[in-house]
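S.K.: sequence? don't have it. structure:
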């Protein structure tokens with residue numbers, strides 16, 4: 001696996017910032033009372049695909065949140081396009097993944113307490 005270029009890192013950081021803003025503006029009510037955070041974004045070398053990692057709290061609502069995001073993915077990508085149109089010629093295709101690192105940390109904490 002090769003390292004990400006400076007351009008990829010800059011584009012990923014910009015997409016992460018803009019998506020976080022879009023999600024924050026939608027509010028918790030939009031996501032069925034769940035708090036959604038964009039934890040990281042990885043962009044393909046040709047900048048055509050962005051893998052977006054989301055953290056959902058409480059994690060029990062993750063499936064519901066992903067259903068909502070799937071159903072609204074076109075409008076979210078459209079909003080992102082409006083924000084990055086000056087920096088990017090093509091808005092990358094967005095693929096969403098769950099970032100369960102917080103659950104993992106919690107599980108390790110519980111095991112250590114035992």
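M.R.: Thanks, I have the structure now. Please read all numbers here as calculations on a predicted model, not as lab measurements. Numbers count the residues shown, from 1 in each chain.

S.K.: mind listing the strands for the protein?
M.R.: Here the chain has its strands, by DSSP state E, at 35-43, 49-57, 93-98.

S.K.: neighbouring contacts of the second one?
M.R.: The list of residues contacting strand 49-57 from outside it, by CB atoms under 8 Å, 6 or more residues apart in numbering, reads 11-12, 15-16, 19, 31, 34-44, 62, 65-66, 69, 92-102. (Glycine included, C-beta is placed from N, CA and C.)

S.K.: what sits up against the lowest-mean-pLDDT helix or strand in the chain?
M.R.: For the chain, the helix or strand with the lowest mean confidence is helix 101-113, at a mean of 76 (criterion: mean pLDDT, DSSP states H and E). By CB under 8 Å, 6+ apart, the residues outside helix 101-113 that reach it are 39, 55, 57, 59.

S.K.: please name the bridge partners of the second one.
M.R.: If I follow you right, that is residue 55. Beta-bridge pairing for residue 55 (DSSP bridges): residue 37.

S.K.: distance of it from residue 88?
M.R.: 25 Å (CB to CB, to the nearest Å).

S.K.: more neighbours: which of those two?
M.R.: Taking neighbours as other CB atoms under 10 Å, residue 55 and residue 88 compare with residue 55 leading, 18 against 15.

S.K.: what about the least confident helix or strand of the chain, distance to the chain center?
M.R.: Centroid separation between helix 101-113 and its chain, computed with CA atoms, centre = their mean, to the nearest Å, is 22 Å.

S.K.: in the protein, where's the longest helix?
M.R.: When the chain is parsed with DSSP state H, its longest helix is helix 6-30.

S.K.: now that one: mean pLDDT?
M.R.: Across helix 6-30, pLDDT averages out at 93.

S.K.: that one packs against which elements?
M.R.: Under the contact criterion of 3 or more CB pairs under 8 Å, 6 or more residues apart in numbering; DSSP states H and E, helix 6-30 touches strand 35-43, strand 49-57, helix 62-84.

S.K.: could you list every helix and strand that the last one packs against?
M.R.: Judged by 3+ CB pairs under 8 Å, 6+ apart, the packing partners of helix 62-84 are helix 6-30, strand 49-57, strand 93-98.
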